[in-house]
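S.K.: show me how the following folds:
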Amino acid sequence: MQRVTQGGKRMAGRVPGKSEYDIVINNGRVIDPLTGFDGVANVGIRDGRIADIVSISHKLKGKKEIDASGLVVAPGFINVHSHATDIGKGGVELYIRDGITTEISGNCGIFDFVDFSEFEKDAAKNGLISNIATYVGHNALRQAVGVPDNRTPANDAQLADMINHVRQSMKDGALGVSFGPFYGPGATYDEMLALAKVAAEYGGCSASHVREGYTVADAVNSVNEGIRTAREAGVPFIISHTGGGPTVMPKSSGPILEAVFEGLQEGLKLAVDFYGYDAFLTLMAAPVFDLPMETLNQLMESQISDMEIPLTVLIDGQVYMEAGQRFSSIEQFQHIRQKVKSNEIPDPGLIGHLYKPSKLNFWMSCPLVMVENDCTMSIDKITGKYAGHPKDSGAFAHFLGYWVREKGVCDLRTALARTSSMAATFLGLDKKGRIQVGCDADITIFDANAITDKSTYIAPGLPSEGIPYVIVNGVVVVDDGKFTEVRAGKPIKRNWAIPGEYPNLGKAPSLDMKDLAR
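M.R.: Next comes the predicted model:
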């Protein structure tokens, strides 16, 4: 066998066998989706990077040695749609134990900070478990510059202020700007286009939880608004949750995906993501629920009992609804929503079991759909328990266990592209989403026959199983299934032009595997 070459040059490797690595992973099934490599090999890690990949006949030694026999050694999962800004809060242990090593945050127009520099300072002060790159959120900016409510367009002065914020954040390293007209329907197209153009000016990108759509035509129009933004701003664009709100209209799935494919054929840089569960999680105050619930139930082919709350609701000091309880009447729903909108009680959120099995299979079988979890786990202040949606703690294990292993929606190499490499390629994270020499040692090691999500709608805080090791920047953060609490993550600053392209998995480039055949 010949030694693997890189760029046509013979690679001179070190003699393996000495304790020269920080971490070694021996005997694992190494899969690199971008090169197409899939074979048993040993991996050596040094200084936060993958230093060597060699054949199993050459055992590597290091300060930390992991025997990955029977396990898959994969690129660390990239959560392309996240809301994490301080990964030390909420579901930190759950996210990392689901194999996520990088969070793409600031989605849906929601961001905890007005400017990227504020996030970066907070990350430096508190530390990060996972890597985080983030957008600037449009809805957060609207509030910061004084737009009075979510149904009012910004005036010229307010838009000018937002443009300045986005421009500065792009200079500081933000990915781009995210939109959430689903939550802020007062945002006009011209307002969003102006901000997207600033992101494009600095080589960034945009993502959107598109505005509500009450019919199939409305849903397609909402998605087309995002596609139009990509076209007119010249910006790579991600349609969040495969359309967000509109996808709950069961008959809209096909037309939405058709619109995306038409945009791709036109040459636009578009991407989509989804989490693969039968229910969504949103806010009760979301403007979509301004429409009478009777009408919404008819459009969504649902009933009020399909809705539940993830957080306990207290009214006048008494428990009105418990976390996980489903609504028994529209009046009960409206009573809580009125209290939320008048700021009498916090928004408990809303889980809607509306995605039909055939539509779920439709989306999860689509090779373009990247995996995300929406990252909205919180702590119920009444019970002290995790509250949220099972996707928060199990979306990636659910995809690999249920959708890939059990339902067979795609092969494992493609699955790992959809959990990591596609996001890395689209966003230009050229050292992530890869098991290649010289790339960041963000690695998830899992058992393909056992990986599964354990979380449920009643108990969303149960960690995934079958992922014994997670490595972030060359540091073991999950060790033999145990969360180490080490903060090895870094804020990711965009200092590149985002390409906005999917990887070509059909034509694998030359292997970037050093001394594999030794």
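S.K.: just the endpoints, please. Distance across stretch 465-483?
M.R.: Counting by CA to CA, to the nearest Å, you get 12 Å between the two ends of stretch 465-483.
S.K.: and what of stretch 54-66?
M.R.: Stretch 54-66: ends 15 Å apart by CA to CA.
S.K.: can you check stretch 94-101 too?
M.R.: One end of stretch 94-101 to the other measures 12 Å (CA to CA).
S.K.: go on, stretch 149-156?
M.R.: So stretch 149-156: terminal residues 16 Å apart, CA to CA.
S.K.: going along the chain, name the helices of the stretch 1-150 of the chain.
M.R.: Assigned helices in the stretch 1-150 of the chain, in chain order: 92-97, 116-126, 138-144 (criterion: DSSP state H, counting those that start in this stretch).
S.K.: which parts of the longest one are buried?
M.R.: Judged by neighbour count (16 or more other CB atoms under 10 Å), helix 116-126 contains these buried residues: 116, 119-120, 122-123. For every residue, glycine as well, the C-beta is placed using N, CA and C.
S.K.: nearest to residue 77 among those residues?
M.R.: The closest of the buried residues of helix 116-126 to residue 77 turns out to be residue 123 (CB to CB; 19.8 Å).
S.K.: apart from its chain neighbours, what residue comes closest to that closest one?
M.R.: Spatial nearest neighbour of residue 123, excluding adjacent residues (CB to CB, 6 or more residues apart in numbering): residue 491 at 4.5 Å.
S.K.: contacting residues for the one you found?
M.R.: Counting by CB atoms under 8 Å, 6 or more residues apart in numbering, residue 491 touches 119-120, 123-124, 128, 131-133, 173.
S.K.: quick check: it vs residue 377, distance?
M.R.: Distance of residue 491 to residue 377, given as CB to CB, to the nearest Å: 21 Å.
S.K.: re the thing from before, could the contacts of residue 491 be laid out in CSV, adding distance to residue 251 and pLDDT?
M.R.: Shown next, in CSV, are the contacts of residue 491 (distance: CB to CB, whole Å; pLDDT from 0 to 100):
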residue, distance to residue 251, pLDDT
119, 39, 92
120, 44, 92
123, 43, 89
124, 48, 87
128, 42, 92
131, 39, 95
132, 37, 95
133, 35, 96
173, 41, 97
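S.K.: and of those, the nearest to residue 150?
M.R.: residue 119 (22.8 Å).
S.K.: now that closest one, nearest residue through space, not along the chain?
M.R.: residue 113 (4.5 Å).
S.K.: one more: residue 496?
M.R.: Going by CB to CB, 6+ apart, residue 496 has residue 428 as its nearest residue, at 5.1 Å.
S.K.: that neighbour reaches residue 501, doesn't it?
M.R.: No - in this structure, residue 428 is not within contact of residue 501 by CB atoms under 8 Å, at 9.1 Å.
S.K.: of these two, who's got more company?
M.R.: Counted by other CB atoms under 10 Å, residue 428 and residue 501 do not tie: residue 428 has more neighbours, with 20 against 13.
S.K.: rewinding a little: could you give the bridge partners of the residue nearest to residue 123?
M.R.: Judged by DSSP bridges, the bridge partners of residue 491 are residue 132.
S.K.: pLDDT of stretch 336-353, averaged?
M.R.: For stretch 336-353, the mean per-residue pLDDT is 94.
S.K.: what residues does that stretch touch?
M.R.: For stretch 336-353, contacts defined as CB under 8 Å, 6+ apart pick out 248, 278-286, 289, 300, 302, 306-315, 320-321, 323, 376, 388-389, 457.
S.K.: next: stretch 432-440.
M.R.: Contacts to stretch 432-440, defined as CB under 8 Å, 6+ apart, come from residues 6, 30-35, 37, 43, 48-53, 73-76, 78, 101-102, 131, 420-425, 431, 442-443, 473-474, 512-514.
S.K.: and the strands in the stretch 351-500 of the chain?
M.R.: 369-371, 378-379, 386-387, 443-446, 469-472, 475-479, 482-483 (DSSP state E, counting those that start in this stretch).
S.K.: how distant is the third one from the center of its chain?
M.R.: Relative to its parent chain, strand 386-387 has a centroid offset of 19 Å by CA atoms, centre = their mean, to the nearest Å.
S.K.: could you give the average pLDDT over it?
M.R.: 88.
S.K.: flag the shaky bits of the stretch 1-150 of the chain, pLDDT-wise.
M.R.: Within the stretch 1-150 of the chain, the segments meeting pLDDT under 70 span 1-19, 86-90.
S.K.: residue 422 is in contact with residue 503, isn't it?
M.R.: Yes - under the criterion of CB under 8 Å, residue 422 makes contact with residue 503 at 6.3 Å.
S.K.: just the buried ones from the contacts of stretch 432-440?
M.R.: The buried subset of the contacts of stretch 432-440 - by 16+ other CB under 10 Å - is 30-35, 37, 43, 48-53, 73-76, 78, 101-102, 131, 420-425, 431, 442-443, 473-474, 512-514.
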